[in-house]
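Undergrad: Okay, predicted coordinates and the sequence, questions at the end:
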Amino acid sequence: MGVLTYSPLAGGWLSGRWRRDAAGAPTSSARPAARFDMTSAANQHELEVVELVAPA
């Protein structure tokens, strides 16, 4: 038995919801708040990637 997990939108980062100018917390209680904590250095890197690949 195996498990194949996949996230086509990088766990929500590429959905367009999370941008540098967007404010707000996750709307789902199923998502950990730390995953989208914009003060985290790792999430700052995620935001840089989103800005690079987002349409203008």
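TA: Perfect, I can see it now. Given the structure is predicted, the values throughout are model-derived calculations rather than measurements.
Undergrad: check contacts around the nearest residue to A10 once chain neighbours are set aside.
TA: For A10, the nearest residue in space outside its immediate sequence neighbours is E46; the separation is 7.9 Å by CB to CB, 6 or more residues apart in numbering. The way it works is simple: take the backbone N, C-alpha and C, and place the C-beta from them, glycine included. Residues counted as contacts of E46 (CB atoms under 8 Å, 6 or more residues apart in numbering) are A10, W13, W18.
Undergrad: Could you dump those residues into TSV with distance to S40 and pLDDT added?
TA: Written out in TSV, the entries for the contacts of E46 read as follows (distance: CB to CB, whole Å; pLDDT from 0 to 100):
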residue	distance to S40	pLDDT
A10	15	74
W13	13	78
W18	12	76
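Undergrad: who's in contact with the residue lying closest to G12 once chain neighbours are set aside?
TA: Take G12 and drop its neighbours on the chain: the residue closest to it by CB to CB, 6+ apart is W18, 6.6 Å away. By CB under 8 Å, 6+ apart, the residues touching W18 are G12, F36, E46, L47, V50.
Undergrad: repeat that with 7 Å
TA: G12, F36, V50 (CB atoms under 7 Å, 6 or more residues apart in numbering).
Undergrad: would you list these in CSV and tack on secondary structure, neighbour count and distance to M1?
TA: Compiled in CSV, the contacts of W18 are given as follows (DSSP: H, G, I helix; E, B strand; the rest coil; neighbours: other CB atoms under 10 Å; distance: CB to CB, whole Å):
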residue, secondary structure, neighbour count, distance to M1
G12, helix, 15, 28
F36, helix, 18, 32
V50, helix, 18, 35
